[in-house]
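Enquirer: take a look and give me a structure for this.
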Amino acid sequence: MSSVSSNERVIEMVKQLPPAVKREIVAMLEQELAEERRQRQRVFQSVLRRIACETGRDWERLTPDQQADLISTYYRSIASTDDMLSSIRQRVEPLVREAARRQGYDWDAMDEDERLHFFAEWLED
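Expert: Just a heads-up that it's a prediction; the model follows:
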């Protein structure tokens, strides 16, 4: 008996859906991925501004070549920020999901603003 993972089962179920439903799923996933990219970009921009400031420069006033040099020089710091964010999200999201569930919220049904608002309130408690 072969063991099929739940992910594989979901993929097989999606393959059987009508094209219109598949398009809805793709659109939803594209929105989620776009928001995740926007969040990462905001974090990276913040990191780049911080590094520039710490080195006595203003990110906004740097030429594209100077910005590229700064990124090249501090690549490891920038990359570790991404690794750190992924690690934090993997550890924290299940906890926040459970807290939301205990308070009667459906995390998956919440939009990004609702999630951020809930998370901020959860941190204050």
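Enquirer: hey, let's count contacts and neighbours off CA atoms from now on
Expert: Will do.
Enquirer: so where's the chain uncertain?
Expert: 1-4, 82-88, 125 (pLDDT under 70).
Enquirer: domain parsing of this protein, as residue ranges.
Expert: 1-73, 75-125 (automatic domain parsing).
Enquirer: make TSV out of those domains and add mean neighbour count.
Expert: Output for these, formatted as TSV (neighbours: other Cα atoms under 10 Å):
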stretch	mean neighbour count
domain 1-73	12
domain 75-125	12
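Enquirer: residue contacts, residue 46?
Expert: Counting by Cα atoms under 8 Å, 6 or more residues apart in numbering, residue 46 touches no other residue.
Enquirer: for it, which three-state class applies?
Expert: helix (DSSP: H, G, I helix; E, B strand; the rest coil).
Enquirer: repeat for the one 4 residues further on
Expert: Three-state secondary structure (criterion: three-state DSSP) places residue 50 in helix.
Enquirer: host element of residue 68?
Expert: Applying DSSP states H and E as the criterion places residue 68 in helix 64-73.
Enquirer: what is the helix or strand that that helix is followed by packed up against?
Expert: Downstream of helix 64-73, the next assigned helix or strand under DSSP H and E is helix 75-102. Helices and strands touching helix 75-102, by 3 or more Cα pairs under 8 Å, 6 or more residues apart in numbering; DSSP states H and E, are helix 19-54, helix 112-124.
Enquirer: between the ones you listed, which one is closest to residue 61.
Expert: helix 19-54 (10.1 Å; Cα to Cα).
Enquirer: centre of the chain to that closest one, how far?
Expert: Centroid separation for helix 19-54 versus its chain: 6 Å, with Cα atoms, centre = their mean, to the nearest Å.
Enquirer: repeat that for stretch 65-79.
Expert: 22 Å.
Enquirer: same check on stretch 104-111?
Expert: A distance of 17 Å separates the centroid of the chain from that of stretch 104-111, by Cα atoms, centre = their mean.
Enquirer: centre-most residue in this protein?
Expert: residue 36 (3.8 Å; Cα atoms, centre = their mean).
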